[in-house]
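**Student:** Here is the input, now give the coordinates:
(2 chains)
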There are 2 protein chains.
Amino acid sequence: MKKVAIVGVGLIGGSFALAIRRAGFSGEILGVSSSSTVLEALRLGVIDRGATLDEAAAEADLLYLAQPISEIVHTIEALAGRVSPLTLVTDAGSTKGEIVALGKKQLGSSFLGGHPMAGKELRGVGAAEAGLFVDRTYFLCCASEGQLEHPVARELVEFVRRIGANPVFLEAAKHDRLVSLTSHLSQLSSTALAACIARAMDFQSAREGAGPGLIDMTRLAQSSYGLWADILKTNTSQIDEALSLYISELQHIRSLLDSKELGSIFEQAGNFSRYVRKPGT
Amino acid sequence: MKKVAIVGVGLIGGSFALAIRRAGFSGEILGVSSSSTVLEALRLGVIDRGATLDEAAAEADLLYLAQPISEIVHTIEALAGRVSPLTLVTDAGSTKGEIVALGKKQLGSSFLGGHPMAGKELRGVGAAEAGLFVDRTYFLCCASEGQLEHPVARELVEFVRRIGANPVFLEAAKHDRLVSLTSHLSQLSSTALAACIARAMDFQSAREGAGPGLIDMTRLAQSSYGLWADILKTNTSQIDEALSLYISELQHIRSLLDSKELGSIFEQAGNFSRYVRKPGT
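**Tutor:** As a prediction, the model looks like this:
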């Protein structure tokens, strides 16, 4: 792996460039983005050179697609028939079913879907940092590490480890079910909470009655729909199922409000919440 | 107001004692609690002297009940007929309907319900701090400040302001509806989220798929049922109604997953969430 092209040099793409550089990657890093982003990325030392997608496809050993989901889809379409079998294309999209199906169809074994569970409130290459992936799960859409055949895919996994992330190998459908519960449901439960209170009372009263709990529970509700529309559109059935499970749980709790049986639900919820906070292994 | 008795010298009661002392209260502060708590509170300089409830009722101008809700109820029963009309009894319970109805019945105009929107993860007098109420809402169960007739009640409001809190005057039923949405619903939505994911997958996979959003959304789910049983029991109908509104909002969102109409719900939720974060007025 001598040349890497980052397609979409934003928070994630820029952070991946900085992270592999810090982890010892000594080859060239190309950036495919708008001209203003390329200039900023050059100024910040995130990439070595701007390139077109055509140039990147012809030169790079690894194409790292770090765009919004709908743009990743367009890029894969554009790359069809223009990628050498020795090149690997990977992506960092938050849902995997649609992207992996298209990648396999258009690029065959040159495609490996990925999803780093990293991010922060700020966006853009200016917010990129080499440590963004440290101690984070990095999903790779493959049943197991042993099934990775592409030589660059094996190098990619090595770099995932060297940048401090924990590679987890999971097929696209299983990934999408998992994150529908651990990520997408969190977003919608926060959005629904804020929207429902906003509808039920005036904002001033809500602020008077707000404690630290409400502040935590409505942080995600500040996310813009623009970021979420693609995710909701490409993982609709799993998110629908996750919402159904959540609504059932709330109905169950509602039926037990004055019963001591609610204690065992609090206990299970507490055990789970403490477990997901412990350092992973 | 020359003598104050804190009944239940824990986080809230202890913090109130420290806060009024720092705000210039120069009288004596009695503590009514278990003997071990009284010893710790004396050692920490939170109270001046331990007392029985009888002694406190006979001597203090203000009795500040900072116990769990069910114990506040018992204390009010025990105080019936033993409080001078010149003494004020107030409390710091998280629900107000039942407590205020009982207080008015047993103590008449000597009772004024209260609820400081303050707290933290730690409990007990060892966690008490003078600054706990700064910039927090302090509910007082009265339609308006002008309706406060008891002289000690007017002194209490003065101290609420001097300890940095914002007094908000609200009748018990309105208070209970307000906090069912801003506080109790937050707790149950977090508990339900954690319980539903715990049921749907193994904990290890959930940890692999957990991002900062899930960590935020399951923080409250770590609360113990012991703390919540009294709240749920004494505000059941309002909490039931709040859950009903929340479930309806989730069903509405579920029906719009692949529709751009969801954008306006995100926008409203975002506006609300940003509003409750702004410093209050």
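**Student:** Contacts for the helix or strand harbouring residue A:29, please.
**Tutor:** If you go by DSSP states H and E, residue A:29 is part of strand A:28-32. By C-beta atoms under 8 Å, 6 or more residues apart in numbering or on different chains, the surrounding residues in contact with strand A:28-32 are A:2-9, A:13, A:17, A:20-21, A:37-38, A:41-42, A:46-53, A:55-56, A:59-60. Yep, even glycine has a C-beta here, placed from its N, CA and C like the rest.
**Student:** Centre-most residue in chain A?
**Tutor:** residue A:94 (3.7 Å; C-alpha atoms, centre = their mean).
**Student:** from the contacts of strand A:28-32, which ones fall inside strands?
**Tutor:** Judged by DSSP state E, those include A:3-7, A:49-50 as members of strands.
**Student:** Buried subset of these, written for PyMOL?
**Tutor:** To isolate the buried members of these in PyMOL, using 16 or more other C-beta atoms under 10 Å in any protein chain shown:
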select buried, chain A and resi 3+4+5+6+7+50
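**Student:** Give the residue spans of chain A that score low on pLDDT.
**Tutor:** A:280-281 (pLDDT under 70).
**Student:** can you pull out the helices in it?
**Tutor:** For chain A, helices defined by DSSP state H occupy the ranges A:11-22, A:35-43, A:53-59, A:69-79, A:97-107, A:151-162, A:172-179, A:185-200, A:203-208, A:212-217, A:225-234, A:236-255, A:262-277.
**Student:** quick one: contacts for residue A:185?
**Tutor:** So residue A:185 contacts A:239, A:242-243, A:246, B:193, B:196-197 (C-beta under 8 Å, 6+ apart).
**Student:** possible to save those as TSV with neighbour count?
**Tutor:** As requested, those are exported to TSV (neighbours: other C-beta atoms under 10 Å in any protein chain shown):
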residue	neighbour count
A:239	28
A:242	26
A:243	23
A:246	25
B:193	27
B:196	27
B:197	31
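**Student:** Serialize those to JSON lines and add fields for distance to residue A:72.
**Tutor:** Output for the contacts of residue A:185, formatted as JSON lines (distance: C-beta to C-beta, whole Å):
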{"residue": "A:239", "distance to residue A:72": "19"}
{"residue": "A:242", "distance to residue A:72": "23"}
{"residue": "A:243", "distance to residue A:72": "25"}
{"residue": "A:246", "distance to residue A:72": "28"}
{"residue": "B:193", "distance to residue A:72": "29"}
{"residue": "B:196", "distance to residue A:72": "30"}
{"residue": "B:197", "distance to residue A:72": "27"}
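**Student:** now, which of those residues sits nearest residue B:181?
**Tutor:** residue B:193 (17.2 Å; C-beta to C-beta).
**Student:** Quick check, the closest one in contact with residue B:221.
**Tutor:** Yes. The criterion here is C-beta atoms under 8 Å, and residue B:193 meets it with residue B:221 at 6.9 Å.
**Student:** List the residues that contact the closest residue to residue A:68 other than its chain neighbours.
**Tutor:** Closest residue to residue A:68 apart from its sequence neighbours, by C-beta to C-beta, 6 or more residues apart in numbering or on different chains: residue A:230 at 5.7 Å. Counting by C-beta under 8 Å, 6+ apart, residue A:230 touches A:68-70, A:94-95.
**Student:** And residue A:230, how far from chain B?
**Tutor:** Using C-beta to the nearest C-beta, to the nearest Å, residue A:230 is found at 11 Å from chain B.
**Student:** sorry, back to before: what's the closest of the contacts of residue A:230 to chain B?
**Tutor:** Set against chain B, the nearest of the contacts of residue A:230 by C-beta to the nearest C-beta is residue A:94 (9.8 Å).
**Student:** Next one: that closest one from residue B:84, what distance?
**Tutor:** 65 Å (C-beta to C-beta, to the nearest Å).
**Student:** now do residue A:107
**Tutor:** Per C-beta to C-beta, residue A:107 is found 85 Å from residue B:84.
**Student:** swap in residue A:86?
**Tutor:** 91 Å.
**Student:** go on, residue A:256?
**Tutor:** 43 Å.
**Student:** Those two: which has the busier surroundings?
**Tutor:** Neighbour comparison, residue A:256 and residue B:84: the larger count goes to residue A:256, with 15 against 11 (by other C-beta atoms under 10 Å in any protein chain shown).
**Student:** For that one, give me phi and psi.
**Tutor:** Reported as degrees, to the nearest 10, the phi and psi values for residue A:256 are phi -120, psi 20.
**Student:** Which residue is the nearest non-sequential neighbour of it?
**Tutor:** residue A:262 (4.5 Å).
**Student:** for residue A:183, same thing?
**Tutor:** Sequence neighbours aside, residue B:211 is the residue nearest to residue A:183 in space, at 5.5 Å (criterion: C-beta to C-beta, 6+ apart).
**Student:** now do residue A:110
**Tutor:** Closest residue to residue A:110 apart from its sequence neighbours, by C-beta to C-beta, 6+ apart: residue A:83 at 5.2 Å.
**Student:** what number of residues lie near the one you found?
**Tutor:** Neighbourhood size, residue A:83 [other C-beta under 10 Å]: 21.
**Student:** so it touches residue A:109, yeah?
**Tutor:** No. The criterion here is C-beta under 8 Å, and residue A:83 misses it with residue A:109 at 10.7 Å.
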